[in-house]
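S.K.: Sharing a model that was predicted from the sequence below.
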Amino acid sequence: MKVEMFDFDLPEELIAQVPLEDRSSSRLMVLNKRTGALRHETFSHVIDYLNPGDCLVLNDTKVLPARLFGTKKDTGAKVEVLLLKQVNGDRWETLVKPAKRVKIGTEIIFGDGQLKAVCTGMEEHGGRLFEFQYDGIFYEILDALGKMPLPPYIKEQLEDQDRYQTVYARERGSAAAPTAGLHFTNDMIEKIKEKGVHVTFITLHVGLGTFRPVSAESVEDHDMHAEFYRMSEETASLLNDVKKSGGRIISVGTTSTRTLETIASANDGLFKPGSGWTDIFIFPGYKFQAIDGLITNFHLPMSTLIMLVSALAGREHVLHAYNTAVQEKYRFFSFGDAMLVL
């Protein structure tokens with residue numbers, strides 16, 4: 001299957017640069033995965049498509065202010081470091097710009113020396129391993145020195161850092177936001193619960209895969225980067241009960257989907273508590289075992305994310321929906337509008 005089969009024409013002006021003031025006022029396209037029929041709503045009306053007994057699954061990962069700006073100790077040259085994954089203790093996998101300036105043994109100073117890092121390894125994909133040194137609490141220092149790691153297609157500065165966090169974010173460790181969840185407000189979540197819809201949480205820390213384009217010509221040749229996930233006993237039990245009683249499981253975001261499908265596919269369609277690493281790649285031909293529906297944003301052409309949505313709703317239906325979104329001037333990507341696939 002050729003990667004170019006998932007291409008579409010996207011005018012640059014449709015890439016949302018800033019979030020809307022009201023999270024739930026984004027537009028919502030509703031796609032019938034069987035017929036391809038489309039409806040146009042406001043995101044706050046997503047509740048109308050949820051039934052009592054359904055379960056909404058949210059990713060509660062919290063984005064680290066993971067973009068650090070420092071200088072090389074020996075030359076004073078400026079270096080940007082993006083934290084991707086905590087390997088162990090104070091050792092982190094990172095992306096560095098410009099990478100050519102950083103070799104094993106390079107020491108970088110951040111702030112007024114509050115934080116220091118020594119390069120201890122070089123990765124195949126161009127990343128670097130760093131050992132961090134500091135006095136105090138690492139995450140407090142990161143909060144003071146770090147910036148939100150906004151995607152490269154967002155050129156505007158984010159005035160309110162919390163707008164790149166979901167209202168339910170609590171488990172620190174992500175290099176990017178699970179952006180489908182940015183549309184929810186606390187009030188919306190309460191109204192969804194009041195309707196008799198279950199709401200539960202899983203964790204998947206978004207990592208390097210978010211920043212990697214598909215470079216292979218064939219979909220089957222692309223390798224996904226592994227990301228850490230966790231599911232609690234309470235969530236696993238609830239999801240099994242919902243499935244047994246005939247309720248629908250609706251994942252919020254491709255990250256939630258990948259976590260749920262990883263667990264269900266390893267357990268004959270059931271959910272079991274635990275944690276681990278997933279590099280699952282979902283594209284057309286995949287047989288879903290966990291989810292019945294998906295809330296997601298509008299994604300990049302030829303990305304693994306549009307491939308996942310196409311696996312659920314069919315490539316032709318999804319590309320028709322995307323071309324309609326372009327015609328109707330929907331807003332795309334992290335701060336853009338949403339799609340509900342049912």
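M.R.: Here it is on my side, so go on.
S.K.: Test my guess that residue 232 contacts residue 273.
M.R.: Yes: Residue 232 lies in contact with residue 273 (Cβ atoms under 8 Å); the separation is 5.7 Å. In this view, the C-beta of every residue, glycine as well, is placed from N, C-alpha and C.
S.K.: what's across from residue 130 in the sheet?
M.R.: With DSSP bridges as the criterion, residue 130 is bridged to residue 92, residue 119.
S.K.: Who does the lengthiest strand in the chain pair with, and is each partner parallel or antiparallel?
M.R.: Scanning the chain for the longest strand, with DSSP state E as the assignment, gives strand 78-88. According to DSSP bridges, strand 78-88 forms sheet pairs with strand 67-72 (antiparallel), strand 91-97 (antiparallel).
S.K.: quick one: buried residues of it?
M.R.: Neighbour-count burial for strand 78-88, counted by 16 or more other Cβ atoms under 10 Å, picks out 79, 81, 82, 83, 84, 85, 86.
S.K.: Would you state the helices of the stretch 1-150 of the chain in chain order?
M.R.: Ranges of helices in the stretch 1-150 of the chain, per DSSP state H, counting those that start in this stretch, are 138-145.
S.K.: in it, which spans are strands?
M.R.: In the stretch 1-150 of the chain, the strands defined using DSSP state E, counting those that start in this stretch lie at 27-31, 38-42, 55-59, 61-63, 67-72, 78-88, 91-97, 107-110, 115-122, 128-134.
S.K.: And the contacts of the last one?
M.R.: Contacts of strand 128-134 with the rest of the structure, by Cβ atoms under 8 Å, 6 or more residues apart in numbering, involve 81, 87, 90-96, 99, 102, 108, 114-123, 138, 141.
S.K.: what sits against residue 301?
M.R.: The contact partners of residue 301, by Cβ under 8 Å, 6+ apart, come to 6, 7, 8, 9, 10.
S.K.: ditto for residue 233
M.R.: residue 273.
S.K.: ranges for the strands of the stretch 201-342 of the chain?
M.R.: Under DSSP E, counting those that start in this stretch, the stretch 201-342 of the chain gives strands at 227-231, 249-252, 274-278, 293-297, 338-341.
S.K.: between those strands, which gets nearest to residue 23?
M.R.: With respect to residue 23, and counting by Cβ to Cβ, the nearest of the strands of the stretch 201-342 of the chain is strand 338-341 at 10.5 Å.
S.K.: ok, back up a step: now mean neighbour count, mean pLDDT and distance to residue 320 too, for the strands of the stretch 201-342 of the chain, in CSV please.
M.R.: Listed next are the strands of the stretch 201-342 of the chain as CSV, based on neighbours: other Cβ atoms under 10 Å; pLDDT from 0 to 100; distance: least, Cβ to Cβ, whole Å:
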stretch, mean neighbour count, mean pLDDT, distance to residue 320
strand 227-231, 23, 95, 30
strand 249-252, 26, 98, 22
strand 274-278, 14, 96, 30
strand 293-297, 25, 98, 16
strand 338-341, 24, 98, 12
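S.K.: Of those strands, which is nearest residue 15?
M.R.: Once the strands of the stretch 201-342 of the chain are compared by Cβ to Cβ, strand 293-297 is nearest, at 11.4 Å.
S.K.: Verify the contact between residue 138 and residue 90 for me.
M.R.: Yes: when contacts are counted by Cβ under 8 Å, residue 138 is listed as touching residue 90 (6.9 Å).
S.K.: Could you list which residues are in contact with residue 296?
M.R.: 180, 253, 254, 305, 309, 338, 339, 341.
S.K.: Could you give the number of residues near the second one?
M.R.: Just to be clear, that refers to residue 253. Residues lying near residue 253 (other Cβ atoms under 10 Å) number 26.
S.K.: how does the chain divide up, domain by domain?
M.R.: As recorded under automatic domain parsing, the domains making up the chain are 3-63+161-341, 67-145.
S.K.: Distance to residue 151 for the ones you listed - can I get that in JSON lines?
M.R.: Formatted as JSON lines, these follow (distance: least, Cβ to Cβ, whole Å):
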{"stretch": "domain 3-63+161-341", "distance to residue 151": "6"}
{"stretch": "domain 67-145", "distance to residue 151": "11"}
